[in-house]
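Novice: Quick one, fold the following:
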Amino acid sequence: MGSPFVRMSVYIINISPENWSSCDKGKIFGIPESETVWYRLDSGDITLARLALTQNKPCGCVGVWEFLRDEEVPVDRRVGPNPVIPWSDNAYRLKQYFTELAKFDSPFDEGFGGRRRFSEKLGWQAQRLRGSILRLTKVEAGRYVRLLLKEKATEISLAVTERLKSVVG
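Specialist: Predicted structure coming up:
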């Protein structure tokens, strides 16, 4: 008989600062038409909502969300007068819905800096975070979440802390 526990995946979604308020307000995220995503999230997956790097703006994880569901955006509603997605920077083909588990007053400092844009803290290049959404490996998720829990402990409830620990092992 298998384990009654299901191991959820951990994802990072990169949200542009210009779109953050709409994403945060509705707990939504969109996948652009132009981007290929090689996997679909499952209900209950943990998602680290991250402000993407833009010039002179802080970047890093600003919240922990749980994935609920997604829906294909009809072609005629991707752009134009009545788009399903509230952003105008792209045509979005997939709309994702989440529930918030934790929200941070300031972004989690991932430690990217210098010319190499390498994080000694996380052990990977900033280039690893390219794209709208990425699934972290078990090792990456464990390291990121443990550091996040350490630095944002006062902003994460005990229940969410225990859930995150159980997801990354």
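
Novice: Would you check that Arg143 makes contact with Leu122?
Specialist: Yes. Using C-beta atoms under 8 Å, Arg143 makes contact with Leu122 at a distance of 6.2 Å. For every residue, glycine as well, the C-beta is placed using N, CA and C.

Novice: which secondary structure elements does the longest helix anywhere in the chain contact?
Specialist: For the chain, the helix reaching the highest residue count under DSSP state H is reported as helix 138-151. For helix 138-151, the elements it packs on are strand 10-15, strand 60-72, helix 158-168, judged by 3 or more C-beta pairs under 8 Å, 6 or more residues apart in numbering; DSSP states H and E.

Novice: So what touches that helix?
Specialist: Under the criterion C-beta atoms under 8 Å, 6 or more residues apart in numbering, residues 9-10, 12, 48, 61, 64, 108-109, 121-124, 128, 136, 156, 161, 164-165, 167-169 lie in contact with helix 138-151.

Novice: tilt between that helix and strand 60-72?
Specialist: With axes from the mean of the first three to the mean of the last three C-alpha atoms, to 10 degrees defining the directions, helix 138-151 sits at 130 degrees from strand 60-72.

Novice: Just the buried residues of helix 138-151, please?
Specialist: Glu140, Ala141, Gly142, Arg143, Tyr144, Val145, Leu147, Leu148, Leu149, Glu151 (16 or more other C-beta atoms under 10 Å).

Novice: and those residues as a markdown table, adding pLDDT?
Specialist: Written out in a markdown table, the entries for these read as follows (pLDDT from 0 to 100):
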| residue | pLDDT |
| --- | --- |
| Glu140 | 93 |
| Ala141 | 94 |
| Gly142 | 94 |
| Arg143 | 93 |
| Tyr144 | 93 |
| Val145 | 96 |
| Leu147 | 94 |
| Leu148 | 97 |
| Leu149 | 97 |
| Glu151 | 96 |
